[in-house]
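*Asks:* Coordinates for the following, if possible.
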Amino acid sequence: QVQLVESGGGLVQAGGSLRLSCAASGRTFSSYAMGWFRQAPGKEREFVAAITWRGNTYYADSVKGRFTISRDNAKNTVYLQMNSLKSEDTAVYYCAAHTGGSYYNPGDYTHWGQGTQVTVSS
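*Replies:* Okay, the predicted model is just below:
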């Protein structure tokens, strides 16, 4: 079992940066691919980024070149560095453990964290 806790959200001006962290408990963390998703009010949860246990990364087109996902297996933590933030990045951000299938489909993830709010003011 893996339990996930996100942190690092907040209020930032457009063009600014934030780094989100997702701390995992459980000995099997390093064997999971991990993903970040986000959900804005009135919208469906959408894929942001994913990283395999080997460090291969995948990004949504909307964040490519601005966001970077990384992981530190020794610290059981996955990060999301967000630069050049835009108002449309405003959402609750969630991390989750991938269980197989598509990296882009939230249905292929489990052990969701509680989320952290990111608000970008224009």
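
*Asks:* Now do the strands in this structure.
*Replies:* 3-7, 10-13, 18-25, 34-39, 46-51, 57-59, 67-72, 77-82, 91-98, 109-110, 116-121 (DSSP state E).

*Asks:* Dump those strands to a markdown table, plus mean pLDDT and mean neighbour count.
*Replies:* From N, CA and C alone the C-beta is placed, and that goes for glycine too. Shown next, in a markdown table, are the strands of the chain (pLDDT from 0 to 100; neighbours: other CB atoms under 10 Å):
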| stretch | mean pLDDT | mean neighbour count |
| --- | --- | --- |
| strand 3-7 | 95 | 17 |
| strand 10-13 | 98 | 13 |
| strand 18-25 | 96 | 19 |
| strand 34-39 | 98 | 24 |
| strand 46-51 | 98 | 22 |
| strand 57-59 | 98 | 17 |
| strand 67-72 | 97 | 18 |
| strand 77-82 | 97 | 23 |
| strand 91-98 | 97 | 23 |
| strand 109-110 | 90 | 20 |
| strand 116-121 | 98 | 17 |
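
*Asks:* Identify the residue nearest the residue nearest the centre of the chain in space, chain neighbours excluded?
*Replies:* When CA atoms, centre = their mean is applied to the chain, the residue found nearest the centroid is residue 36 (2.3 Å). Nearest residue to residue 36, sequence neighbours excluded (CB to CB, 6 or more residues apart in numbering): residue 48, at 4.3 Å.

*Asks:* can you give me the end-to-end distance of stretch 42-60?
*Replies:* Length of stretch 42-60, first residue to last, CA to CA, to the nearest Å: 20 Å.

*Asks:* what's the answer for stretch 97-110, then?
*Replies:* Stretch 97-110 stretches 5 Å from its first residue to its last (CA to CA).
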